[in-house]
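Trainee: I would like to see how this sequence folds:
(3 chains)
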Amino acid sequence: MSLLEIENLSLTIHETEILKRVSLRIGAGQIVAVTGESGSGKSMTALAVMQLLPNGAKTEGAIWLERQNLLKQSEREMCALRGAEIGMVFQEPMTALNPVKTIGDQVMETILIHKAMPRTKALARAQEVLSRVGLPSDRFPLSRYPHELSGGQRQRVVIAMAIALRPKLLIADEPTTALDVTTQAQILDLLKGLAREYGMGLLMITHDLAVVADMADQIVVMRHGEVVESGATTDLLHNMQHPYTKMLFQASGHQVSLPELIEHRPLLEVRNVVREFRLPRNGLFKRPDHHRAVDDVSFTLNQGERLGLVGESGCGKSTLTRAIMGLEDVQSGEILLENQPVFAGHKPNPAVRRKMQVVFQDPYGSFNPRHRVARLITEPFHLLDTPPTGTERQDRIAEMLTAVGLSPDDASKYIHEFSGGQRQRIAIARALIIRPELILFDEAVSALDVSVRAQILDLLAELCTTYNLTYLFISHDLSVVRTITDRVMVMQAGRIVEQGETEQVFSSPQHAYTRTLIDAAPVLPDIGANVA
Amino acid sequence: MLRYALKRLISLVISLVVASVVIFAVIEVAPGDPASFMLGVNAQEDTLAALRAELGLDGSKVQRYFNWVGGMMVGDFGTSYTYRTPVSQMISDRMWVSLPLALYALTLSTLIAFPAGIYAAARRGKPGDLTVMGTTQLGIAVPNFWFAMMLVLIFAINLRWFNAGGFAGWDKGVWTGLHSLTLPAIALALPQAAILARVMRSSLLDILGEDFMRTARAKGLSRRQALWRHGVRNALIPVLTIIGLQFSFLLAGSIIIEQVFYLPGLGRLVFQAISARDLIVVESVVMLLVFAVITVNFLVDLAYAAVDPRLRGRS
Amino acid sequence: MSRNLLLGAVLSSLVLLAALMSFVWTPYDYAALDIPNKLQPPNARHWFGTDHFGRDMFSMIMVGARTSIAVALVAVGIGMALGVPLGLTAAARKGSWLDEVIMRGNDLVFAFPSLVIAILITAVFGAGAINAIIAIGIFNIPVFARITRGAALSLWEREFILAARVSGKGAARISAEHILPNVANLLIVQGTIQFSLGILAEAGLSYVGLGAQPPTPSWGRMLADAQTMVSFAPHLALIPGLAIIVTVLGLNLLGDGLRDWLDPRIRVARA
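Mentor: Sure thing, here's the model as predicted:
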C-alpha cells in the first residue's frame, strides 16, 4: 500500500479552478517529483497535502496518508500530523526562518510542540538532526541566529526542522531554486540520502527537469492544474507520450545555432579592473576592512562575439556588469569601448554609453508601470544628440516591436498587459532601439519558464543574424550559456579563473572550480534532448 | 551589542548638542532686553548692567551658550526673570507632574493597544476585528483635551468619582498622586492607544504573510500558537518606533491636558512664562522636553536590539 | 469605490463646503454679540445654540472650519514642498554624507513636537495662527521626507531605474520622471492623514492659546472658552468637539479608502 495517495484532487480558490482531478501516489522511501511550469498547480498540490491552502480554498477528492484522509481531518488533527508525520521544506531559505529566534529553538520547537520528548532529550535530538543535515554543533552552535548563516545553511536548518521527528512523508517545494548550483547539489544529495535512510516518502516539487531526471523514482508532469503524464522515471524519459512532456524536455535542453563569427576587432577591453567595497568597521578605532568584489579582471570582447560570464552568487559578476555599464566607478584598471573609457574623470562617458545597452533579469521590475510601451522602449533615445521624432520615431518603434516578435500596435499598451516572456521581448526591443555596439544580458532568461526561455533564446539567435549582435551574457545557468555563447569566462571570488571557447571549456575544463561547477549542475539525460 | 549601543549614544549626544544650539539661537532672536523689561523703562544704566551680570546676560553669545549648557549639566538652569528664583527649582517641582503623567499614559496606552491589536489581527475580517477597527478609527479622531473635558463632565462633575482638577501631590502617597492623574492619563492614553492598536494589527498582519509563519504552521503549530510564538515579537519591531514617537506626542499632550485639569505641571509653568516673557524659563522647559524625547528614543533604539538579534551584530 | 472612501469623501467635503460657504453666507454674523440670548441650547433659530456672548455657534463653527482647514492645509503644503524633495535627494544619494545629514536632521526635527516649536515661536514672536502653521508645517517636513525616502529607496533598486541610468539619465531627472510618479499615491494618502493630524494639532494649539487669536474663531479656542461653562452649557464643548471629530474621521476614512483604491495590487486582487 502507498504511503501517500492523492485521488482525483480538485481545488478551487475563490471559485477559480486551480487543480483538476489530480492523482498521484508515493510509497515509503520513494522519491516522486512533480514538475511543470508556473501556473501548473504543482505547489498547490503540495500545500493541499499539508492542508495549508490559502483562504477561500475548496477541495474535492481524497488525500490518503496511510489510512487517514487528510481532507477529512479537523484542523486540530492536522496540527498533530504536520511536523510529526509530514514535514515540509520551502523554496526561500532566506525568509523561511524566524529572524528573532535561534536555530536551536526553532528546531526544538518541532519536537516540543508535539510533546514528543522532554526538553533535555529534545535538545539532544535537535543537535543530532542538525549534525545529520551538515551543521555539527561544534561549528554551528544551537545559539546561532538565522542571519548568521548562508542560504544553503539556512535551508539545512529548515530541513532539520522538517525531519526532527522522522516524518513518514517529506514535501520539498522547489528546495534548491534559490540556491547556487554547488549548494543545490549538496542539498539534493542530502534530501535523497535522508529519504533512503529514514524510509521517508519524498514529494519533490521542482520546475527543473534536470533535477527531476537526476533524483526521482517517479515523475509527475503537470500543466494548468492537471496531471498530463506520470510514470517511473526511466520509463517516462524513454517513452514520453504526451506532447507537452516532450515539449518541456525539448525546451529544457534547447539548443540554438549562432551565426559564424566574422571579424576579430576588439570592441570591449577590460584591463586589470578592481572594485572594492568598504565593510562596516570591526571596532570603533580600527580601519575598516575592504571586500574586493572584482579583483584584477582583464578580458577582451571582439566585435560580433557572444561572450558568456558564469559564476555563483557573490562572485562579483553583477559588480563587474555594473562597472562595464558605467553605473559604478572602479578603483583601478580601465574599461574601454572602442578605445574610449566608459568612465571619463569619474563621470560616465556619454559617448560610450550610447554604444551599450542592457537587458535585465526581472521581467516585472524592468519597466516603469506608469509608462506606455512606446515611451518605455524609446528611453535610450535620451542618449542620442538628435533623437528621431515624428514618423521616424514611430517607424523605429514599429520596427523594433516587429523584430522582437510583437506587433506595432503594442506600442500604446501598458506593461501590465504583457506576460513575462513578452516583457523580456520588450526589454530586448528597448536595448536594440539605438543599435548599440554591445548588449549586456544580465540573467536575462533566468526568471522565465523553460518553454518561454527557449523562445527567447531563439529570438536572440535570430537577432544575431539580422543585427550582427555583440553581447556579454551573464548567467548562473550553465546550459543556457553553453548554447548561446562563443566564448565563456568563469568567475569565482572576484577573479576570472578560466576563459576560452565555450565548447572547449565545457568539455574539458582546466580549472578545478570550473570542474566543480560543471559536475554540480544536474544534466538532462540525452534522451530528453533528442525527443521530437 | 556594545558597539551598537555606543553608536546610538554618540548620536544621542550629537542630537542634544544640535538641539540646544537651535533652542539657544531661536531664543537669542527674541527682541528686547530682559533686564530692562524687568526693571522698567526708567532704570539706571548701572543697575541694568548689574542685573545683566547677575542673570548672566553679559558676555558674547558663544560664552553665554556655554554658560547655559555648562550650568544645565550641573543642574543650574539660571534665574527666572520674573520670580528671581532658580529655574531649576521651578522646573523640578513641575516636572514630577508632567513626566509621570506622560509615562502613566504611555503605560495605559500600551496595555490597551497590544491586546486590542493582537485580538484584531487574529480575527482579521471577522466581527471582532471590525469592532476594534471601527472603535480605533473613531478614537484617532478624538482630540485628547476635548475627551478630557468630557471625562471631567461625566466622572468628576456628574459622578463625582474624581476631582475635576488639581493635583494632590506625591507626599500623600503614590496612590493619591496616581488617583489625581488617572483621568488625565486616560484622556491622553485612549486616542494614542487607538493609533498603537492599529499599528500593532497591521504590523502583525504583515508578519502573518511572512514565509517563516508558514514554516511554523508546517511544523504543526496552530494558527494561534504561530501568532504568539513567531508573530508578536517580530511585529514589535515597527511598533517600538511608534511607541517612541508616541512618547513625544504624550509629553506634548500632557502639557495641553494640564490646562483642562488645572495641574501644576510644566505646561502651566511654560504658558505663564510666555505671557510674562520669562524667556529663560521657556528655554529651559523646551530643552528639558526635547531632552526627554531624545532620551526615550535612545531607549527605544536599545529596545530594538533586544528584540532583533540582527541589530546586535555577529557575536 | 469602497464604503470607507465614500463616507470619508462625504464627511470631508461637507466640512470643506461649510468652510467655503462661510465666505459668502453664515446664518448670523459670527462676531455679533447678543447678550440677552446667551447660552441658548441648540434650537430652531440657533441650530447649534449660542455662546456666553450670545454669538451663533453654527456661524462660528463654519468660520472655524475655515481656520482649521487653512492652517492644516498650508502646513501639509509646507511639509510636502520641503519634505518630498529632501526625501528624493536622500534616496538618490543613498549612503552619502548628504543622505546622512538629511536623515539626522529629520531625527532632530522629530525631537521637537509641534507644541514645542509653537511654544518657542510664540515666546519669541508672540501668538498667532501663523505660529500654528509653521509649527505643524515644520513637523510635517520629516514625515514626508522619511516616507518619500523609504519608498524611493526601494524603487531605486528596481531594474527600470537601472535601465534609465543606462540610458544616461541623471539622478534629478530619474527622480522627477520615474520616482516621483511612482510615490505619488503614497504621498496623497499620507497627505490626507497629515491633513487630519494637522486639524487635531491646530485645535490643540489654539486651545492653549498658541494658535489663532481673537476675534478669528477657531474650534480649539471655542473649547477653551467652553471649559468653565461645561457643567451648565455642555453644548459649548460638545459641538466644536464633534466638528473636529467629524472632520478628522472623514479625512482618515478618505485616506484609508484612497490607499486601498490607489494600490494597484489590491485593485487587481479585487477585479
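Trainee: For the chain, give me the ranges with low pLDDT.
Mentor: Because you didn't say which chain, this covers chain A. A:1, A:280-288, A:526-532 (pLDDT under 70).
Trainee: Actually, chain C is the one I wanted.
Mentor: Low-confidence segments of chain C, defined by pLDDT under 70, are located at C:1, C:263-271.
Trainee: tell me, what residue is most central in it?
Mentor: Central residue of chain C (CA atoms, centre = their mean): residue C:195, 2.1 Å from the mean position.
Trainee: for chain C, what are the nearby residues on the stretch 201-315 of chain B?
Mentor: Proximity of the stretch 201-315 of chain B to chain C is confined to B:245, B:248-249, B:251-253, B:255-256, B:259-260, B:267, B:270-271, B:273-274, B:277, B:279, B:282, B:285-286, B:289-290, B:293-294, B:297 under the rule CB under 8 Å from any CB of the partner chain. Heads up, the C-betas are built off the backbone N, CA and C, glycines and all.
Trainee: number of nearby residues for the nearest residue to residue A:99 once chain neighbours are set aside?
Mentor: Using CB to CB, 6 or more residues apart in numbering or on different chains and skipping residues adjacent in sequence, the residue nearest residue A:99 is residue A:146, 5.7 Å away. Neighbour count of residue A:146, defined by other CB atoms under 10 Å in any protein chain shown: 24.
Trainee: now do the one 5 residues further on
Mentor: By the other CB under 10 Å criterion, the neighbourhood of residue A:151 contains 16 residues.
Trainee: correct me, but it touches residue A:182?
Mentor: No - between residue A:151 and residue A:182 there is no contact under CB atoms under 8 Å: 11.9 Å.
Trainee: residues from chain C in reach of chain A?
Mentor: C:158-160, C:162-169, C:178, C:181-182, C:264.
Trainee: mind listing what the residue nearest to residue C:132 when sequence neighbours are not counted touches?
Mentor: Leaving aside its sequence neighbours, residue C:132 sits nearest to residue C:211 (CB to CB, 6+ apart; 4.2 Å). Residues near residue C:211 by CB atoms under 8 Å, 6 or more residues apart in numbering or on different chains: C:71, C:118, C:127, C:129, C:131-132, C:202, C:205, C:218, C:220-221.
Trainee: And the residues you listed, which is closest to chain A?
Mentor: residue C:71 (33.3 Å; CB to the nearest CB).
Trainee: Just give the closest residue to that closest one, not the sequence neighbours.
Mentor: Of all residues not flanking residue C:71 in the chain, residue C:202 sits nearest, at 4.4 Å (CB to CB, 6+ apart).
Trainee: The one you found - how many residues pack around it?
Mentor: Applying other CB under 10 Å, we find 31 residues neighbouring residue C:202.
Trainee: From what I see, it and residue C:136 are in contact.
Mentor: Yes - counting by CB under 8 Å, residue C:202 touches residue C:136, with 6.6 Å between them.
Trainee: what's the overlap in contacts for the two?
Mentor: Here residue C:202 and residue C:136 have C:71-72, C:75 as joint contacts, going by CB under 8 Å, 6+ apart.
Trainee: Reformat the residues you listed as TSV; add neighbour count.
Mentor: Formatted as TSV, those follow (neighbours: other CB atoms under 10 Å in any protein chain shown):
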residue	neighbour count
C:71	28
C:72	28
C:75	28
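Trainee: Could you export these to JSON lines, including columns for secondary structure?
Mentor: Shown next, in JSON lines, are the shared contacts of residue C:202 and residue C:136 (DSSP: H, G, I helix; E, B strand; the rest coil):
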{"residue": "C:71", "secondary structure": "helix"}
{"residue": "C:72", "secondary structure": "helix"}
{"residue": "C:75", "secondary structure": "helix"}
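Trainee: Just say helix, strand or coil for the residue of chain B found nearest chain A.
Mentor: Residue nearest to chain A within chain B (CB to the nearest CB): residue B:220, separated by 3.3 Å. What three-state DSSP gives for residue B:220 is coil.
Trainee: quick one: it and residue A:76 touch, right?
Mentor: No - when contacts are counted by CB under 8 Å, residue B:220 is not listed as touching residue A:76 (10.6 Å).
Trainee: Can you pull out the low-pLDDT segments for the stretch 1-150 of chain B?
Mentor: B:32-41.
Trainee: how about the helices of the stretch 401-532 of chain A, start to end?
Mentor: A:420-432, A:450-467, A:478-484, A:502-507, A:512-520, A:526-530 (DSSP state H, counting those that start in this stretch).
Trainee: Output the fourth one in CSV with nothing but the alpha carbons.
Mentor: This means helix A:502-507. Provided in CSV are the C-alpha atoms of helix A:502-507 (Å, rounded to 0.1, in the frame of the first residue of the first chain):
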residue,chain,number,x,y,z
THR,A,502,32.6,27.7,-24.8
GLU,A,503,32.6,24.1,-26.1
GLN,A,504,36.3,23.7,-25.1
VAL,A,505,35.7,25.0,-21.5
PHE,A,506,32.6,22.8,-21.0
SER,A,507,34.1,19.6,-22.5
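Trainee: give the contact list for residue 56.
Mentor: You didn't say which chain, so I picked chain A. Taking CB under 8 Å, 6+ apart as the test, what residue A:56 contacts is A:13-14.
Trainee: not what I meant, chain C
Mentor: Neighbouring residues of residue C:56 by CB under 8 Å, 6+ apart: C:26-30, C:32, C:46, C:48, C:50.
Trainee: Could you do residue B:143 as well?
Mentor: Residues B:191, C:200, C:203-204, C:207, C:223, C:241, C:244-245, C:248 are the ones in contact with residue B:143 under the rule CB under 8 Å, 6+ apart.
Trainee: would you turn the residues you listed into TSV with secondary structure, distance to residue A:87 and neighbour count?
Mentor: Output for the contacts of residue B:143, formatted as TSV (DSSP: H, G, I helix; E, B strand; the rest coil; distance: CB to CB, whole Å; neighbours: other CB atoms under 10 Å in any protein chain shown):
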residue	secondary structure	distance to residue A:87	neighbour count
B:191	helix	47	24
C:200	helix	52	27
C:203	helix	58	33
C:204	helix	56	29
C:207	helix	61	26
C:223	helix	62	27
C:241	helix	58	22
C:244	helix	56	27
C:245	helix	53	20
C:248	helix	51	29
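Trainee: if we take the residues you listed, which one ends up nearest to chain A?
Mentor: Closest approach between those and chain A, by CB to the nearest CB: residue B:191, at 30.2 Å.
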